[in-house]
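Participant: fold the following.
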Amino acid sequence: MPREKLKDWLESTDKRSIGRANKVAALVLREPRRFPQLIGYLWSEDAVVRMRAADAAEKISAKNPGLLKPFKAELLGLLFEAEQKELRWHLAQMIPRLPLTKKERQRAAEGLRRYLKDTSSIVKTFALQGLTELARAEASLLPEIIENLEAAERAGTPAMKARARKLLKTLRS
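Facilitator: Residues are numbered from 1 along each chain as shown. Coordinates of the predicted model:
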């Protein structure tokens, strides 16, 4: 795929599909020099491109979290700016993979707390996951995240309840 075609692989009118995001992720994993271009699409005017770029970036960062490091400041900023639910849930997964200082973890937790008020249960579920991962590295966040997980276990959607139970179990063991 020529360098300028990466965006073409992300474009579509069908927001219900991930399109070729998996192929983009596989390509960028093989050619990590393309990762900055992919990250740039998180700010695309096109909602489908943003969504698919976030999906691909999240999958890539799960396998190679170090690729996120040069974009730490931008991603922490986007955590607070993002309105699109698909972008938010992928950010909630990526942010805890960043090498964060204590102050940055506190800031990231603040952003993820805002996601707990989102209308999307998927965003809320990934925010709980992200907060739990931050709390593992920042003990001062533990009491609050345990309270949030217990609340989700009592009153969340079925998916949130299941994830909250699983996360509480990992924190308590």
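Participant: what's next to stretch 105-122, contact-wise?
Facilitator: With contacts defined as C-beta atoms under 8 Å, 6 or more residues apart in numbering, stretch 105-122 is touched by 76, 79-80, 85, 88-89, 92, 95-96, 98, 100, 123-124, 126-128, 130-131, 134-135, 137-138, 141, 148, 156-157, 159-160. Backbone N, C-alpha and C define where each C-beta goes, glycine included.
Participant: assign the closest residue to K63 other than its chain neighbours to helix, strand or coil.
Facilitator: Closest residue to K63 apart from its sequence neighbours, by C-beta to C-beta, 6 or more residues apart in numbering: L29 at 6.2 Å. Per DSSP: H, G, I helix; E, B strand; the rest coil, the local secondary structure of L29 is helix.
Participant: count of neighbours near L29?
Facilitator: Using other C-beta atoms under 10 Å, L29 has 16 other residues around it.
Participant: for the host helix or strand of P143, buried residues please.
Facilitator: P143 is part of helix 142-155, with elements assigned from DSSP states H and E. Neighbour counts using 16 or more other C-beta atoms under 10 Å place I145, I146, N148, L149, A152, E153 of helix 142-155 among the buried residues.
Participant: just give the nearest non-adjacent residue to E104, would you?
Facilitator: L76 (6.5 Å).
Participant: next one: K72
Facilitator: In space, and not counting its chain neighbours, K72 is closest to L98: 5.1 Å by C-beta to C-beta, 6+ apart.
Participant: then L168?
Facilitator: Leaving aside its chain neighbours, L168 sits nearest to L149 (4.9 Å; criterion: C-beta to C-beta, 6+ apart).
Participant: what is the subsequent helix or strand relative to the helix or strand containing R114?
Facilitator: Using DSSP H and E, R114 sits within helix 102-115. Note on helix 102-115: by DSSP H and E, the next helix or strand toward the C-terminus is helix 121-137.
Participant: now that next one: how far from the chain's centre is it?
Facilitator: 9 Å (C-alpha atoms, centre = their mean, to the nearest Å).
Participant: relative to helix 142-155, how tilted is it?
Facilitator: In terms of direction (axes from the mean of the first three to the mean of the last three C-alpha atoms, to 10 degrees), helix 121-137 departs from helix 142-155 by 150 degrees.
Participant: for A26, see how far away E144 is.
Facilitator: Distance from E144 to A26, counting by C-beta to C-beta, to the nearest Å: 38 Å.
Participant: my bad, should have said I146
Facilitator: Distance, I146 to A26, using C-beta to C-beta: 38 Å.
Participant: ditto for P65
Facilitator: Distance, P65 to A26, using C-beta to C-beta: 17 Å.
Participant: cool, S120 as well?
Facilitator: 27 Å.
Participant: and if you look at T132?
Facilitator: 28 Å.
Participant: many thanks, we can stop here.
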